[in-house]
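Chemist: the sequence isn't on hand, but the structure is:
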């Protein structure tokens, strides 16, 4: 279990983190979302020992992260960086040995990962000769080469084309199934929603929502209904009791219900207006949840 | 993983990646060519041994014997000798002179040359000519052969030098001068390579990946040791090839103390490089792009240059005030002290004091560099003030 405990960090007058706590366990994939500047990168850098927290700490298996434990974390920084003139395979093997692997094992693992991530043919090339997308695959391989128990990835999907996203998602899913604890930050909320078991949302240095995605949906989002009438009438839903807001959605309307609203009242009103074709609960998207908990 | 293992991995990467670069091979080859040229050229061009002039004497053997003897007797330094041959007549003399077979030919009271008679040969011929005429005159006046010889060929003046040159010492200090120049170039070149290596890792952002696995002080140590080893190996190569070429070409007679002097230069290089590479690393740590490096490293470049000029000055005047003072300044000592030591003027306590001062400074600088590097390595945007890098604040 990788635990972020009460992390606080200021940069001059700017508060980057203000008591952030969450954790990610083995076999769990946790999305870490928040607006730009919310403090995601700072929290991840603290976990890797790159930034010292003003308060709080990061623990791995119950104790503060030691140098040896830190070497074993697979890390992908927000700002991508590798040696431009170094050959891909040499480079990955080097990072493997820095994580404590024997030289031969590191080369084997490096070759495996380049093939698995679709850059096997470029293993002997200098990094700078690769396209940006392929460089990003190599960057991911650098985080994975030593078969880490923990992965901390800062915006791993940004800059990838849809095929790249699929390749990466598949690789990460396999790692998590292997028992890796994975936390990654992202602005692509649909992706987080489809991939992750759990999510932590931070805003202005504080955690504003954290937990399993289904659980969060149930807890935070207002219940909504999607109603569609034949003929496409939508004006009937205005000012119904128990409905907080109504908005057009294609041929129908989506009604956000107030707590304790009676759905029968809504159904009666709909039937009064015409033949009901669709009457269904709407599961809120992560994006809606996000907008709800994050200050505009 | 122990710190040593981490440092070893970094050293290995620095060595392997740098050796693979074509630029290193090209610059090494070029420098080697220059070193060989410096070693060989004096032997080939400079001092080409004793000069022998070929002079023709027109007339039959009997008539020219005296002049030939006189020419052989003339003392004009160890490096000049004259060979004579008899030439039948003036026409043949002119032909041989024109063809370059003879440097000059004497026909009675004339000297035949192609263009002009050099000062050296001219003086020799005039002396011999005067000696022959004087002897004839003395003969005619009835002087004995001994009396005539005493007048025409008196014992030459002998030289007594108050401060005779020590050829061995000169050779040794010439070699040390070349050595100090090479040391200066190595410190400058490879020290700057440390600075640019630091900045390249920052500007490519790879430093964040590496520092997630290796402590900053260990990464820096590995980088400095790796680049330093390369510089040291290159220095050894230059010295070995340079000396080898010089010996082969006969440019210098290697003095007995040469092994000691070379070891001395190498030892001071190690200390000097350690000191300057730490300073250069700090210059790299506070820059975030290669373009900024010229600015941030300027003070260090000035100090290295000043050290080198002090060394040049010291080689001319090893016991002058400049040399003595500079040999105790830790940033200058690695280039100046070897010169004083080879010149033989440095007292043992001066050497010990100088070494102690440099080592103490080195310990301080290493700690300072590790701290500034830790504070600056992850700041990849904009120039960082040294104070902020040291304090690790923003």
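Modeler: Here it is on my side, so go on. Not measured: the values here are computed from a predicted model.
Chemist: hey, let's count contacts and neighbours off CA atoms from now on
Modeler: OK.
Chemist: the residue of the stretch 201-350 of chain B found nearest chain A: neighbour count?
Modeler: Residue of the stretch 201-350 of chain B nearest chain A, by Cα to the nearest Cα: residue B:206 (3.9 Å). Residue B:206 has 20 neighbours, counted by other Cα atoms under 10 Å in any protein chain shown.
Chemist: repeat that for residue A:227.
Modeler: 25.
Chemist: need the three-state assignment for it.
Modeler: Classification of residue A:227 using DSSP: H, G, I helix; E, B strand; the rest coil returns strand.
Chemist: ok, now which ones touch it?
Modeler: Residue A:227 sits next to A:252, A:253, A:254, A:255, A:270, A:276, A:277, A:278, A:279, A:280 when contact means Cα atoms under 8 Å, 6 or more residues apart in numbering or on different chains.
Chemist: in stretch B:322-337, which residues are buried?
Modeler: For stretch B:322-337, burial by neighbour count (16 or more other Cα atoms under 10 Å in any protein chain shown) applies to B:323-324, B:326-337.
Chemist: okay, and which of these map to helices?
Modeler: B:323, B:324, B:326, B:333, B:334, B:335, B:336, B:337 (DSSP state H).
Chemist: can I get those residues in a markdown table with distance to residue B:161?
Modeler: Compiled in a markdown table, those are given as follows (distance: Cα to Cα, whole Å):
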| residue | distance to residue B:161 |
| --- | --- |
| B:323 | 27 |
| B:324 | 28 |
| B:326 | 32 |
| B:333 | 34 |
| B:334 | 35 |
| B:335 | 32 |
| B:336 | 30 |
| B:337 | 30 |
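Chemist: out of the buried residues of stretch B:322-337, the closest to residue A:168 would be?
Modeler: residue B:331 (52.6 Å; Cα to Cα).
Chemist: I figured the closest one hits residue B:301, correct?
Modeler: No: using Cα atoms under 8 Å, residue B:331 makes no contact with residue B:301, being 11.5 Å away.
Chemist: how about the residues of the stretch 51-200 of chain A by chain B?
Modeler: A:67-68, A:70-72, A:75-77, A:79-84, A:86, A:94-95, A:97-100 (Cα under 8 Å from any Cα of the partner chain).
Chemist: show me which of those residues are buried.
Modeler: When these are checked for burial by 16+ other Cα under 10 Å, the buried set is A:67, A:70-72, A:75-77, A:80-84, A:86, A:94-95, A:97-100.
Chemist: mind listing which of those residues are in strands?
Modeler: Members of these lying in strands (criterion: DSSP state E): A:75, A:76.
Chemist: narrow the buried ones among the residues of the stretch 51-200 of chain A next to chain B to those in helices?
Modeler: A:67, A:70, A:71, A:94, A:95, A:97, A:98.
Chemist: and those residues, which two are furthest apart?
Modeler: Farthest pair in these (Cα to Cα) is A:67 and A:94. Separation: 17.6 Å.
Chemist: quick one on the thing from earlier: with pLDDT added, can I get the ones in helices among the buried ones among the residues of the stretch 51-200 of chain A next to chain B in CSV?
Modeler: As requested, those are exported to CSV (pLDDT from 0 to 100):
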residue, pLDDT
A:67, 90
A:70, 93
A:71, 92
A:94, 97
A:95, 97
A:97, 96
A:98, 95
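Chemist: which of those lies closest to chain B?
Modeler: Checking these against chain B by Cα to the nearest Cα gives residue A:71 as the nearest, at 4.5 Å.
Chemist: setting aside sequence neighbours, what's the nearest residue to the closest one?
Modeler: Nearest residue to residue A:71, sequence neighbours excluded (Cα to Cα, 6 or more residues apart in numbering or on different chains): residue B:213, at 4.5 Å.
Chemist: mind listing the strands for chain A?
Modeler: For chain A, strands defined by DSSP E occupy the ranges A:2-11, A:14-24, A:29-33, A:55-60, A:63-64, A:73-76, A:150-154, A:181-185, A:198-203, A:206-212, A:224-229, A:243-249, A:252-257, A:276-282.
Chemist: quick one: low-confidence ranges for the chain?
Modeler: Went with chain A since none was named. A:220-222 (pLDDT under 70).
Chemist: try chain B instead
Modeler: B:42-50, B:61-63, B:75-78, B:166-176, B:250-256, B:382, B:393-394.
Chemist: can you list the residues of it near chain A?
Modeler: B:1, B:6, B:9, B:13, B:17, B:201, B:204-214, B:378, B:394.
Chemist: what's the ChimeraX syntax to select whichever of those residues are buried?
Modeler: Buried residues among these (16+ other Cα under 10 Å), as a ChimeraX selection:
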select /B:6,9,13,201,204,205,206,207,208,209,210,211,212,213,214,378
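Chemist: helices - which of the residues of chain B next to chain A land there?
Modeler: Using DSSP H, those in helices are B:6, B:9, B:13, B:17, B:201, B:206, B:207, B:208, B:209, B:210, B:211.
Chemist: and of those, the nearest to residue B:32?
Modeler: residue B:17 (21.3 Å).
Chemist: what sits against the closest residue to that closest one other than its chain neighbours?
Modeler: In space, and not counting its chain neighbours, residue B:17 is closest to residue A:86: 7.1 Å by Cα to Cα, 6+ apart. Listed by Cα under 8 Å, 6+ apart, the contact partners of residue A:86 are A:126, A:127, B:17.
Chemist: got the phi and psi for residue A:86?
Modeler: Phi and psi for residue A:86, reported as degrees, to the nearest 10, are phi -90, psi 150.
Chemist: would you mark the buried spots in stretch B:28-38?
Modeler: B:28, B:32, B:35, B:36, B:38.
Chemist: among these, which lie within helices?
Modeler: Using DSSP H to define helices, the subset of these located there is B:28, B:32, B:35, B:36, B:38.
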